[in-house]
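>>> Here is a sequence together with a model predicted from it:
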Amino acid sequence: MEQQGSSTSAGRGKAEKEFVKEITPQSVDYSQWYIDVVLKTELMDYAPVKGCMAIRPYGYAIWEKIQQLLDRRIKDTGHQNAYFPMFIPQELLQKEAAHVEGFAPEVALVTKGGGETLAEPLVVRPTSEAIICDFYSRWIQSWRDLPMLINQWCNVVRWEKVTRPFLRTSEFLWQEGHTCHRTEEEAEKEALLMLGVYKEFLETEMAIPVIAGRKTEREKFAGALRTYTVEALMRDGRALQAGTSHNLGQHFARVFDITFLDQDGTLKYVWQTSWGVSTRLIGALIMVHGDDRGLVLPPRIAPIQVVIVPIISKKAREEVLAAARRVAETLQQAGIRLKLDDREEYSPGWKFNEWEMKGVPLRLELGPRDLEAEQVIAVRRDSGAKEPLPWAELPRRLPQLLEELQGDLYKRALQFQQEHTRSGADYGEFLQVMERERGFFIASWCGREECELKAKEESKATIRCIPFDREMEHENCLVCGEKAAHVVYFARAY
RNA sequence: CGGGGCGUAGCGCAGCUUGGUAGCGCGCUUGGUUCGGGACCAAGAGGUCGCGGGUUCAAAUCCCGCCGCUCCGACCA
């Protein structure tokens, strides 16, 4: 962003080059592009504490849309929201062996309160299985108390060494569902149901295509029986775990003593699940759709779907503003989230760039020339395509246009994902792909951890998942050549 | 946790080599003229030079320690 090309590109091509001077082009430095975007579009700001951030109003508005659209789905599938405490007695967290081992390195510990050393240190929740299981052991007595279907929206803390805004922060916001069931089958069904909800939500609302599948033993959640995941592909060819759903089996039930008296009169342990998505989704949104001018937001998630920029000139100032206000009012009544940018201290050109950077899907220009024709000029953020629209048609046409744009963003993202998904049985080719263009690499795997590790060491790529809907194409393991057991997606990941 | 880069006004940077009055552009404030792809003129405001210690008559500048951001690795849901 420091090199603005002001001297180098002063000659030809300057016009297209310099729309957004503040943002490093993706091709120059993708990581810097990402940082520039989150800061310049005011999604977040760094906090005085490492790995922490403020989510600014525009970023939080995106999170609120995610919450709103996902919360409805969580409730439609029978779950209720509740809230559990942030502090967990250390002893509780330590009950489940694999769970402690997984989280111990990144746990924040409170040892003092009110100026006195605490008798027992408190853990700041890195996830809430432990504290919720403690409650569940008391709340559940009978098979009639099942299923227990609870979700909570909250913050969690994981002391991270390497942090990146939204993608990996020491504190982040998420939702975590925690359910208890009578049978293993029912728990399994629940875990898969919620993974399906995530997939549908991501694809429908966020226009992010994902690969759904199961995690390997190595990659699964600390304490889970099985972990399911949806994986998205970013534009730099790296994968991002967008959501996970765990079948916890009876691991937690046994150590937290969550039992119920079944119909047959015997005492049984419950079968549990947990599942979550976080503010990381905002990072995915940025990296899947964004371009060199900044954010590109899918209309369904965009806090502002349409921005109206009146072209105010001296002669027609009042007429233009009045017309813009009328248009704004009709669109508001049509249920469109819009902003009328009638600030007079900024020029139209400045506003164009500003709102494009912020990813507003559609811009309507309304100037003196449009008064006569009773129209606006609609400009799409994704394609830049301009189209004159008569005022009378706006309430009907704009919702259509926004849906078209939503669909096009999904198609474009899906095409990118498909074009960056290779498959093969040649280990050398796999290494080369992971070194250069990256993306997904579909291959067969024998199922042994040593092959998984070897591939990781040599390619830096991990097995993202064992996909649900993909047949094995090759008989032999990509790494060792022995008989393969699974087809897997490899990728370098965030 | 290991290695590199960076930290001076809200943002981007110069000044540091060779110690001595803290500067530039953008932004901000006020007034005026403008407005179909980041307008222009004029007058202003704004800084514990990341933090702590040391050397010195004197430190943004030299030395030591720490913190933060960032990139590349290791680790990790």
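Ah, there it is. Numbers count the residues shown, from 1 in each chain, chains lettered A, B, ... in the order given.

>>> For the nearest residue to A:V157 once chain neighbours are set aside, give its distance to RNA strand B.
In this structure, A:V157 finds its nearest non-sequential neighbour in A:V124, 4.4 Å apart by CB to CB, 6 or more residues apart in numbering. All C-beta atoms are positioned from the backbone trio N, CA, C, and that covers glycine. A:V124 sits 14 Å away from RNA strand B when distances are taken as CB to the nearest atom of the strand, to the nearest Å.

>>> repeat for A:C180
Using CB to the nearest atom of the strand, one obtains 20 Å as the distance from A:C180 to RNA strand B.

>>> Look up which helix or strand that residue falls in, please.
Element membership for A:C180 (DSSP states H and E) is strand A:171-181.

>>> downstream neighbour of that strand in the secondary structure list?
Proceeding C-terminally, strand A:171-181 gives way to helix A:184-204 as the next helix or strand, assigned by DSSP H and E.

>>> what's the angle between that next one and strand A:171-181?
Put simply, helix A:184-204 runs at 140 degrees to strand A:171-181, going by axes from the mean of the first three to the mean of the last three CA atoms, to 10 degrees.

>>> Would you mind writing the CA trace of helix A:184-204 as CSV?
Coordinates of each C-alpha in helix A:184-204 appear next as CSV, following Å, rounded to 0.1, in the frame of the first residue of the first chain:
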residue,chain,number,x,y,z
GLU,A,184,-25.6,-43.2,19.1
GLU,A,185,-27.6,-43.1,15.9
GLU,A,186,-29.5,-40.1,17.1
ALA,A,187,-26.3,-38.2,18.0
GLU,A,188,-24.7,-39.1,14.7
LYS,A,189,-27.8,-37.9,12.8
GLU,A,190,-27.7,-34.6,14.8
ALA,A,191,-24.0,-34.0,14.0
LEU,A,192,-24.6,-34.6,10.3
LEU,A,193,-27.8,-32.5,10.3
MET,A,194,-26.0,-29.5,11.7
LEU,A,195,-23.1,-29.9,9.3
GLY,A,196,-25.7,-29.9,6.5
VAL,A,197,-27.2,-26.7,8.0
TYR,A,198,-23.8,-25.0,7.9
LYS,A,199,-23.2,-26.1,4.3
GLU,A,200,-26.6,-24.9,3.2
PHE,A,201,-26.2,-21.6,5.1
LEU,A,202,-22.7,-21.0,3.6
GLU,A,203,-23.8,-21.7,0.1
THR,A,204,-27.2,-20.0,0.1
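
>>> which residues of chain A score low on pLDDT?
Per-residue confidence of chain A (counting by pLDDT under 70) places the weak regions at A:1-21.

>>> try 80
Across chain A, residues meeting the criterion (pLDDT under 80) sit at A:1-22, A:48, A:115.

>>> would you list every one of the helices in the stretch 351-494 of chain A?
A:368-373, A:394-419, A:427-435, A:449-459 (DSSP state H, counting those that start in this stretch).

>>> Can you point out the buried residues in the shortest one?
When you say that, I think you mean helix A:368-373. Along helix A:368-373, the positions that meet the burial threshold by neighbour count (16 or more other CB atoms under 10 Å) are A:368, A:370.

>>> residues from the stretch 151-300 of chain A in reach of RNA strand B?
Within the stretch 151-300 of chain A, the positions adjacent to RNA strand B are A:158, A:161-165, A:167-168, A:218-219, A:221-222, A:241, A:280, A:293 by CB under 7 Å from any atom of the strand.

>>> if I pick A:W275, what's in contact with it?
By CB atoms under 8 Å, 6 or more residues apart in numbering, the contact set of A:W275 is A:176-177, A:191, A:194-195, A:198, A:243-246.

>>> Kindly provide the distance from the one residue sitting closest to the centre of chain A to RNA strand B.
Centrality entry for chain A: nearest residue to the mean C-alpha point is A:L281, 1.3 Å, by CA atoms, centre = their mean. The spacing between A:L281 and RNA strand B, counted by CB to the nearest atom of the strand, is 11 Å.

>>> What number of residues are in the vicinity of A:A334?
Other residues within reach of A:A334, judged by other CB atoms under 10 Å, total 13.

>>> my read: it touches A:P395, true?
Yes. Under the criterion of CB atoms under 8 Å, A:A334 is in contact with A:P395, at a separation of 4.1 Å.

>>> Could you find the closest non-adjacent residue to whatever residue of the stretch 351-494 of chain A ends up closest to RNA strand B?
In the stretch 351-494 of chain A, no residue comes nearer to RNA strand B than A:G367, which is 2.4 Å away by CB to the nearest atom of the strand. In space, A:G367 comes closest to A:I311 once its chain neighbours are excluded; the distance is 3.0 Å by CB to CB, 6+ apart.

>>> Closest to A:A212 out of the contacts of A:W275?
Distance from A:A212 was checked for each of the contacts of A:W275 by CB to CB. The minimum falls on A:L195, at 6.0 Å.

>>> quick one: contacts for that closest one?
A:L195 makes contacts with A:212, A:228-230, A:243-245, A:275, as judged by CB under 8 Å, 6+ apart.

>>> Mind doing that once more with 6 Å?
Taking CB atoms under 6 Å, 6 or more residues apart in numbering as the contact definition, A:L195 lies against A:212, A:228, A:245.

>>> From the residues you listed, which land in strands?
Judged by DSSP state E, the subset of the contacts of A:L195 located in strands is A:212, A:228, A:245.

>>> which one of the residues you listed is nearest RNA strand B?
When the ones in strands among the contacts of A:L195 are compared for distance to RNA strand B, the smallest value, 12.1 Å, is given by A:S245; criterion: CB to the nearest atom of the strand.

>>> Next one: A:Y34 from A:E106, what distance?
23 Å (CB to CB, to the nearest Å).

>>> that older thread, ok, the residue nearest to the centre of chain A to A:F172 distance?
Counting by CB to CB, the gap from A:L281 to A:F172 is 10 Å.

>>> With A:E449 instead?
With distances defined as CB to CB, the gap from A:E449 to A:F172 amounts to 29 Å.

>>> Those two - which one has more neighbours?
Residue environment comparison for A:E449 versus A:F172 gives the larger neighbour count to A:F172, 22 against 10, counting by other CB under 10 Å.

>>> wait, that one sits on A:G276?
No. The criterion here is CB atoms under 6 Å, and A:F172 misses it with A:G276 at 10.4 Å.

>>> Which of the contacts of A:L195 are buried, as a PyMOL select command?
Entered in PyMOL, the line below selects the buried ones among the contacts of A:L195, by 16+ other CB under 10 Å:
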select buried, chain A and resi 212+228+245
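
>>> hmm, back to that, please verify my assumption that the residue of the stretch 351-494 of chain A closest to RNA strand B contacts A:S313.
No. Taking contacts as CB under 6 Å, A:G367 lies outside contact range of A:S313: 7.3 Å.

>>> if you count what's nearby, which of those two comes out ahead?
Neighbours around A:G367 and A:S313, counted as other CB under 10 Å, are more numerous at A:G367. The numbers are 18 against 13.

>>> For the more buried one, give me the backbone phi and psi.
With angles defined as degrees, to the nearest 10, A:G367 shows backbone torsions of phi -130, psi -180.

>>> helix/strand/coil for A:E231?
The three-state label for A:E231, taken from DSSP: H, G, I helix; E, B strand; the rest coil, comes out as strand.

>>> For it, the count of nearby residues, please.
Using other CB under 10 Å, A:E231 has 23 other residues around it.

>>> residues contacting it?
Under the criterion of CB under 6 Å, 6+ apart, the contact partners of A:E231 comprise A:211, A:239, A:241, A:464-465.

>>> That one and A:Q375: what is the separation?
Counting by CB to CB, the gap from A:E231 to A:Q375 is 44 Å.
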